[in-house]
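*Asks:* Fold the following, please.
(chains A and B)
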2 protein chains.
Amino acid sequence: MQTKEGSKIDSNSNIKIGIFDSGVGGFTVVKELLSILPRIPLVYFGDTARTPYGPKSPTILKQYALEDARFLVERGANVIVIACHSAASCATEELRTRLNVPIFEVVTPSVEKACKLTRKGRIGIIGTRATVTSNVYPRLIPQTLSGAKVFQQPCPLLVPLVEEGWLKARETRIIVKKYLRPLKDKQIDTLVLGCTHYPLLKPVIQEKAGKRIKIVDPSREVAEKVAAFLIENDVESQKEASADHEFFVSDLTSHTPEIVRRFLGRKVELVKAVPKSLD
Amino acid sequence: MQTKEGSKIDSNSNIKIGIFDSGVGGFTVVKELLSILPRIPLVYFGDTARTPYGPKSPTILKQYALEDARFLVERGANVIVIACHSAASCATEELRTRLNVPIFEVVTPSVEKACKLTRKGRIGIIGTRATVTSNVYPRLIPQTLSGAKVFQQPCPLLVPLVEEGWLKARETRIIVKKYLRPLKDKQIDTLVLGCTHYPLLKPVIQEKAGKRIKIVDPSREVAEKVAAFLIENDVESQKEASADHEFFVSDLTSHTPEIVRRFLGRKVELVKAVPKSLD
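*Replies:* This next block holds a predicted model:
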């Protein structure tokens, strides 16, 4: 059957979900998928050799996303999840045109959730500069909720703060407060964490946003979307009690395993692999 | 003649200096070269498509540095300056082995200057995680100044703070203070700014370090080294009153020209170009 995610799925085939991200941030999506679909095998690719995607242009992001997704398809993935907001903002249509597998991404389910949660129709977005510049949220949200107002704030310091491990540090709290101030001034009632790294800062973000602002975590939303899709398409869950997962990164430093542990809450084996260049 | 920088130079040839960096930080080196050698043409390459080099492994950095340097040689550069500390730490010998032009880099002249300036032989290094992990400064400094002690501090947040333009912000002052505290506890008397972005934070760094700590700016040191080399080798300075310069970046976003202006103090034309991949 043809799905709205852009391609067919064979209900008798063994499902393998491929997740890619600009780096290690996509492990927040992996964590949610493992929690919701523990018996479906996953293959992850983090483009740590070219991370971050945030400050890069749409042209280069389309190229990188296509290389990343093809790498996963070559390793048996028949469902693709774009965990990176920057790539999702710029490259989803490109991937749907070029690849013959369903493509999920973090933006659309977050838009839907934010539109459900908001009472006043005033929604804040925090993300990298690329995600904010792409204007994907201000474009999509009013299509789902007519008249909704979207206010954006690029937060380039939050990714390095997470990777530094300063999840509750004084410096982090001050910077989060500074970034959220203009959004609070606009009286938002819903806030989308528009970058895979941000769920690790959710406690500080919730504290500085205040209890009245509801937070949308795209990692959770996309994982629920994939689960619903598998149920709708009568895909049998795998028989094994525990699935085999594979985690690839394009560069592996001595610091990488510790960062991944911070995201996933446990250690996993990381394998270095480089996708083929398109040129 | 054979030089210690690893290759020959023809004193009658027209000099063109090629500078490469992981991104826009190398413009601090360009600024110093323009100030000291205003009539020598420059060609710059900033690998903004793959920036930052800081968190990446030595293997991948050698590959990127070789691609970047070859790109500059193809565009007529006959002297190469590695402006990126991460690349200089990992890839200088590789470039000297593979390329037939003199290779300058930011680390060696900074080591020499720090060893000249220190009175107590206690030298601090701030840099990216890659530069710190490479241990290039702790290895080289005691070779120049026997018994010297080197104390290092990785500062992953300073690059995004500079690119955010928060050069004197409260958040920046707090973070700089936090990073410098362990080095001050070690009673350093000299501090090397081991990353091209850091000269833009020099006022805050000097304030938080205190007046007694002398600061070494590698951008200045490498530019003086290149100037001394050209004089030693009787290279005629170019006849033109003003030289033609070329500035290439591998990715160009709407934000890039403003960041470059911040580094260089003036606007320049940026051209997008991608070096050939080695594989």
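
*Asks:* contacts, neighbours, all on C-alpha from now
*Replies:* Fine.

*Asks:* separation between A:Pro52 and A:Ser22?
*Replies:* Plainly put, A:Pro52 is 6 Å away from A:Ser22 if you go by Cα to Cα, to the nearest Å.

*Asks:* and these two? which has more neighbours close in?
*Replies:* Neighbour comparison, A:Pro52 and A:Ser22: the larger count goes to A:Ser22, with 29 against 22 (by other Cα atoms under 10 Å in any protein chain shown).

*Asks:* I'd assumed A:Thr48 was in contact with the more buried one.
*Replies:* Yes - counting by Cα atoms under 8 Å, A:Ser22 touches A:Thr48, with 6.4 Å between them.

*Asks:* What is the subsequent helix or strand relative to the helix or strand hosting A:Pro142?
*Replies:* If you go by DSSP states H and E, A:Pro142 is part of helix A:136-144. Next along the chain after helix A:136-144, taking DSSP H and E as the criterion, comes strand A:149-154.

*Asks:* Lowest average confidence across helices and strands of chain A, where is it?
*Replies:* Within chain A, no helix or strand scores below helix A:129-134, which has a mean of 84 by mean pLDDT, DSSP states H and E.

*Asks:* buried sites along it?
*Replies:* Within helix A:129-134, the residues that count as buried by 16 or more other Cα atoms under 10 Å in any protein chain shown are A:129-134.

*Asks:* How about stretch A:41-50?
*Replies:* Residues A:41-50 are the ones in stretch A:41-50 that count as buried (16+ other Cα under 10 Å).

*Asks:* Is A:Gly18 part of a helix or strand, or is it coil?
*Replies:* What DSSP: H, G, I helix; E, B strand; the rest coil gives for A:Gly18 is strand.

*Asks:* and it, how many neighbours?
*Replies:* Residue neighbour count, defined by other Cα under 10 Å, stands at 30 for A:Gly18.

*Asks:* Who are the contact partners of the spatially most central residue of chain A?
*Replies:* Chain A has A:Ala83 as the residue nearest its centroid, 3.0 Å off, counting by Cα atoms, centre = their mean. Residues in contact with A:Ala83, defined by Cα atoms under 8 Å, 6 or more residues apart in numbering or on different chains, are A:19-21, A:25-26, A:29, A:105-106, A:196, A:219.

*Asks:* Could I get the full set of helices for the stretch 1-150 of chain A?
*Replies:* A:27-36, A:58-74, A:85-98, A:107-117, A:129-134, A:136-144 (DSSP state H, counting those that start in this stretch).

*Asks:* Out of those, which is closest to B:Lys225?
*Replies:* Set against B:Lys225 and scored by Cα to Cα, these come closest in helix A:58-74, at 36.0 Å.

*Asks:* Just want the angle from the closest one to helix A:85-98.
*Replies:* Relative orientation of helix A:58-74 versus helix A:85-98 (axes from the mean of the first three to the mean of the last three Cα atoms, to 10 degrees): 60 degrees.

*Asks:* tell me which residues in helix A:58-74 are buried?
*Replies:* A:58, A:60-73.

*Asks:* cool, stretch A:181-198 as well?
*Replies:* A:183-184, A:188-198.

*Asks:* follow-up on the earlier one: let me know the average pLDDT across the helix holding A:Pro142.
*Replies:* In this model, helix A:136-144 has an average pLDDT of 96.

*Asks:* quick one: that helix to chain centroid distance?
*Replies:* Centre-to-centre, helix A:136-144 and its host chain are 17 Å apart (Cα atoms, centre = their mean, to the nearest Å).

*Asks:* So which bits of it are buried?
*Replies:* By neighbour count on 16+ other Cα under 10 Å, the buried set for helix A:136-144 is A:136-138, A:141-142.

*Asks:* May I have that helix as PDB, with CA atoms only?
*Replies:* What follows is helix A:136-144 as a C-alpha-only set of coordinates in PDB (Å, rounded to 0.1, in the frame of the first residue of the first chain):
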ATOM      1  CA  VAL A 136       9.600  24.900   8.500                       C
ATOM      2  CA  TYR A 137       7.600  25.400  11.700                       C
ATOM      3  CA  PRO A 138       6.100  28.800  10.900                       C
ATOM      4  CA  ARG A 139       5.100  27.400   7.500                       C
ATOM      5  CA  LEU A 140       3.500  24.100   8.700                       C
ATOM      6  CA  ILE A 141       1.900  25.100  12.000                       C
ATOM      7  CA  PRO A 142      -0.700  27.600  10.500                       C
ATOM      8  CA  GLN A 143      -1.600  24.900   7.900                       C
ATOM      9  CA  THR A 144      -2.600  22.600  10.800                       C
END
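
*Asks:* tell me what that helix is packed against?
*Replies:* helix A:107-117, strand A:149-154 (3 or more Cα pairs under 8 Å, 6 or more residues apart in numbering or on different chains; DSSP states H and E).

*Asks:* ok, residues contacting the longest one?
*Replies:* By that I understand helix A:107-117. With contacts defined as Cα under 8 Å, 6+ apart, helix A:107-117 is touched by A:85, A:88-89, A:121, A:123, A:137, A:140-141, A:144-145, A:190-192, A:194, A:214, A:216-218, A:221-222, A:225.

*Asks:* Can you pull the poorly scored residue ranges out of chain A?
*Replies:* Low-confidence segments of chain A, defined by pLDDT under 70: A:1-13, A:236-242, A:278-279.

*Asks:* Can you tell me the closest non-neighbouring residue to A:Ser22?
*Replies:* Among residues not flanking A:Ser22 along the chain, A:Asp47 sits closest, at 4.8 Å (Cα to Cα, 6 or more residues apart in numbering or on different chains).

*Asks:* Can you report phi and psi for the one you found?
*Replies:* Per-residue torsions, A:Asp47: phi -90, psi 60 (degrees, to the nearest 10).

*Asks:* surely it meets A:Phe247?
*Replies:* No - judged on Cα under 8 Å, A:Asp47 makes no contact with A:Phe247 at a distance of 11.3 Å.

*Asks:* still on that earlier bit, would the least confident helix or strand of chain A count as contacting chain B?
*Replies:* No - figure legend: helix A:129-134 not in contact with chain B (Cα under 8 Å from any Cα of the partner chain); closest approach 8.8 Å.

*Asks:* From the chain's centroid, how far away is that helix?
*Replies:* 14 Å.

*Asks:* do the same with stretch A:225-238
*Replies:* Distance, stretch centre to chain centre, for stretch A:225-238: 19 Å (Cα atoms, centre = their mean).
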